[in-house]
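Novice: Attaching a predicted model along with its sequence, questions to come.
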Amino acid sequence: MSHDNNSTNSTVPSNFLRGIIDSDIASAKYAHRSDAQGKALPTVITRFPPEPNGYLHIGHAKSICLNFGLARDYAGRCHLRFDDTNPTKEDQEYVDTIIDSVQWLGYDWKHEGVTHLHYASDYFDQLYQMAEWLITAGHAYVDSQSADDMAANRGSFSEPGKNSPFRDRPAEESLALFRRMKAGECKDGEHIVRAKIDMASPNMNMRDPAIYRIRHAHHHRTGDKWCIYPMYDYTHPISDALENITHSFCTLEFQDHRPFYDWILERLTEGGFFKKPLPHQYEFARLNLTYAITSKRKLLQLVEEKIVDGWDDPRMPTIVGIRRRGYTPEAIQLFAERIGVAKADSWIDMSTLEGALRDDLDPKAARLVAVLNPLKLIIDNFSETASEDCTAPVHPHHPERGNRHFKLSRELWIEAEDFMEVPSKGYFRLFPGNKVRLRYGFVVECTGCDKDANGNVIAVHCNYLADSKSGTEGSANYKVKGNIHWVSAAHAVEAEVRLYDRLFSDAHPDAGGKDFKQALNADSKTVVTAYCESGAELAQPDEKFQFERHGYFVADRLDSKAGKPVFNRITTLKDSWTSK
Ligand code: ATP
Ligand code: MG
């Protein structure tokens, strides 16, 4: 395949979109184009076109990885374009977070020194000129029906629509009205510009779709310059053509919009605005992720009703949320590669995303011990004043990364679940009379426990076997089944640990019109005070660790401070959900 030469990752599985690009390259469809300055254009130019009306989520990440990834693999370029044609819903805040999220995911829109950051609003003048031409050429008209009449005359899936009484008004009359609309002489909704196609088309999108509407609203970039705004379906193909896009990838719901995409570009090519080959739209299946919702409107509801702690709550499927949770860009790219692209909608299990995170972090994350649910373990035969140096590898498979050093002393913290006064069948951790190894330390034999007045275990007692230390000759003489982690109470670093879990306990929280708020997981966030191995206090914001036996954790990028670390659980070591 031609792209393998310049691909950064030739093991990327093929998919039907790559197949399309390969065949376009084979037929040299986009091979001989040049830009306005006469410079040769790449044969693959894609774009990611968000509307700046909300935060990006994991579904957008799929589209970002796809568009930017294909451009990279085919030595083309990908534009970041804001589809900002709806002034009342859009805001600079969203523009900023989207730029930040795409960059964080590892992509940029620079190609051969040129920045391809675009805004549909930059094309408002051209879009307007083209609409004037369409009216003049008889391909569009100003409709002055009321909104109700327009809706009634649109017909339905089973019935054709009816022509507007204004459909055949002379072009000059439409043009004069359009100019008055632009000049601010008309009220919102008084007139609308429509493409003149076919009110009887079986495709509702071809029944004279609106291309311009009046909206007296302030735009976050063009201010009050305009009081008419182009419709999305009109703007999108034109923006693609103006930017010399070759492959315009979008989600399946736009399939029925493609005939209009093609229609508008054909007419404007006839009008001399564009040259062939034109951009082509292809649809792929959107990402639906179990245990998550990806509707911007519903995500907004979670934020506004304070069900979560903001857009970047680590339980949110927003990019700012999963970033804060501790996901890496590499894990998300790996996820996007693994799920691939399909032509039919399907559900991807959350465990696929978590699996990608584990596979990315396992070889990278430094190991650390943290006790999340502490119980005191007292080594009665260990001196009160002594301590023992212990070592453990920073990473078990990377000896070159060196060792961690920490102390063992008489009083330790262990996990409460690592002791049972009366062991259940198959339990081989601490119980009276049993021996376990304190990981990287000694073998100890449990002698009993202390309880409070209510019978709760408050401390466990044991004796250590002085010749059993890990890494010494004697250690081989002890064969024990249990191997538990611990931190020295005198040396432990206290940390706030936020144990995050899936936000929803239902795999399809909003399927079939269900109320997703009924599906919230009551245990999606638990905050504990943990005791960590010394060194944890040095964690840098965003630094990731594997807490031995517990999973992957990150120092919270906002709240973690030197000396006072705060950790988020990204995910557990193993998937505990699929068996639920
Ligand atoms: P809206 O309802 O506001 O249009 P949207 O999720 O479609 O919401 P856009 O900003 O229009 O948001 O999306 C930008 C791009 O991301 C589009 O090309 C869209 O097809 C793609 N996209 C959105 N959601 C998903 C998803 N779940 N999976 C894959 N791609 C998606
Ligand atoms: Mg959209």
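Specialist: Structure's in. What do you need? Ligands and ions are numbered 1, 2, ... in the order given.

Novice: Now do the helices in the chain.
Specialist: Using DSSP state H, the helices found in the chain span residues 16-26, 58-73, 92-104, 124-136, 147-152, 171-182, 232-242, 258-270, 296-304, 319-325, 329-339, 350-361.

Novice: and of the ones you listed, who's closest to S475?
Specialist: S475 sits nearest to helix 350-361 of all the helices of the chain, at 29.6 Å, using C-beta to C-beta. Using the backbone N, CA and C atoms, a C-beta is placed for each residue, glycine as well.

Novice: Is there contact, residue-wise, from the closest one to ligand 1?
Specialist: No - judged by C-beta under 6 Å from any ligand atom, helix 350-361 makes no contact with ligand 1; its nearest approach is 13.0 Å.

Novice: what are the C-alpha coordinates of that helix, in CSV please?
Specialist: What follows is helix 350-361, C-alpha atoms only, in CSV (Å, rounded to 0.1, in the frame of the first residue of the first chain):
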residue,chain,number,x,y,z
MET,A,350,-15.8,0.7,28.2
SER,A,351,-13.4,-2.1,29.0
THR,A,352,-11.8,-1.6,25.6
LEU,A,353,-10.9,2.0,26.6
GLU,A,354,-9.7,0.9,30.0
GLY,A,355,-7.7,-1.9,28.4
ALA,A,356,-5.9,0.6,26.1
LEU,A,357,-5.0,2.6,29.2
ARG,A,358,-3.6,-0.4,31.0
ASP,A,359,-1.6,-1.4,27.9
ASP,A,360,-0.2,2.1,27.5
LEU,A,361,0.6,2.6,31.2
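
Novice: For that helix, give the mean pLDDT please.
Specialist: Across helix 350-361, pLDDT averages out at 97.

Novice: Show me the contact partners of that helix.
Specialist: Helix 350-361 is contacted by residues 58, 289-292, 326-328, 330-332, 334-335, 338-339, 502, 544, 546, 552, 570-571, 573, 575, 577-578 when judged by C-beta atoms under 8 Å, 6 or more residues apart in numbering.

Novice: was I right about M150 contacting G161?
Specialist: No - if you go by C-beta atoms under 8 Å, M150 and G161 don't touch, sitting 9.5 Å apart.

Novice: Please pick out the residue of the protein most distant from its centre.
Specialist: Distance from the centre of the chain peaks at N381, with 52.7 Å (C-alpha atoms, centre = their mean).

Novice: ok, it - contacts?
Specialist: Contacts here follow C-beta under 8 Å, 6+ apart; on that basis N381 touches 463-464.

Novice: Can you give me the first-to-last residue distance of stretch 459-472?
Specialist: 29 Å (C-alpha to C-alpha, to the nearest Å).

Novice: swap in stretch 160-172?
Specialist: Its start and end residues considered, stretch 160-172 measures 28 Å (C-alpha to C-alpha).

Novice: Let the chain start at 40 from now.
Specialist: Got it, the first residue is 40 from now on, which makes the last one we talked about stretch 199-211.

Novice: quick one: contacts of stretch 295-313?
Specialist: Contacts for stretch 295-313 (C-beta under 8 Å, 6+ apart): 169, 172-173, 176, 178, 234, 236, 242-245, 248, 250, 272-273, 275-277, 280, 287, 314-315, 317-318, 320, 322.

Novice: ok so, going back, among the contacts of helix 389-400, which ones are buried?
Specialist: Applying 16 or more other C-beta atoms under 10 Å to these, the neighbour count classes 97, 328-331, 365-367, 369-371, 373-374, 378, 541, 583, 585, 591, 609-610, 614, 616 as buried.

Novice: does Y503 really touch F421, like I thought?
Specialist: Yes - Y503 lies in contact with F421 (C-beta under 8 Å); the separation is 5.9 Å.

Novice: For PyMOL, what selects the buried ones among the contacts of stretch 295-313?
Specialist: Buried members of the contacts of stretch 295-313 can be picked out in PyMOL with the line below, counting by 16+ other C-beta under 10 Å:
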select buried, resi 169+172+173+178+234+236+242+244+245+248+250+272+273+275+276+277+280+287+317+318+320+322
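
Novice: residues touching whichever residue of the stretch 140-289 of the chain sits closest to ligand 1, list them.
Specialist: Of all residues in the stretch 140-289 of the chain, C289 sits closest to ligand 1, at 4.6 Å by C-beta to the nearest ligand atom. By C-beta under 8 Å, 6+ apart, the residues touching C289 are 320-323.

Novice: neighbours of the residue nearest to F121 when sequence neighbours are not counted, just the number please.
Specialist: Spatial nearest neighbour of F121, chain neighbours left out: Y158 (4.7 Å); criterion: C-beta to C-beta, 6 or more residues apart in numbering. Using other C-beta atoms under 10 Å, Y158 has 19 other residues around it.

Novice: residues near the residue of the chain found nearest ligand 1, how many?
Specialist: Closest contact between the chain and ligand 1, by C-beta to the nearest ligand atom, is at G98 (2.2 Å). The tally of other residues near G98 (other C-beta under 10 Å) stands at 19.

Novice: residues contacting it?
Specialist: Applying C-beta under 8 Å, 6+ apart to G98 gives the contacts 325-328, 333, 356.

Novice: P604 too?
Specialist: Neighbours of P604 in contact, by C-beta under 8 Å, 6+ apart: 532, 534-535, 571, 575-576, 578, 594.

Novice: likewise D279?
Specialist: 86, 287, 318, 320.

Novice: next one: L291
Specialist: For L291, the contact set (C-beta under 8 Å, 6+ apart) comprises 322-325, 382-384.

Novice: Of these, which is the most crowded?
Specialist: Neighbour-wise, those (other C-beta under 10 Å) top out at F323, 21 neighbours.

Novice: Test my guess that that one contacts L105.
Specialist: Yes - F323 lies in contact with L105 (C-beta under 8 Å); the separation is 7.3 Å.

Novice: hey, what's in contact with both of the two?
Specialist: Jointly contacting F323 and L105 under the rule C-beta under 8 Å, 6+ apart are 56, 288, 380.

Novice: Take the residues you listed and lay them out in JSON lines including pLDDT and neighbour count.
Specialist: Shown next, in JSON lines, are the shared contacts of F323 and L105 (pLDDT from 0 to 100; neighbours: other C-beta atoms under 10 Å):
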{"residue": "L56", "pLDDT": "95", "neighbour count": "20"}
{"residue": "F288", "pLDDT": "98", "neighbour count": "22"}
{"residue": "V380", "pLDDT": "93", "neighbour count": "21"}
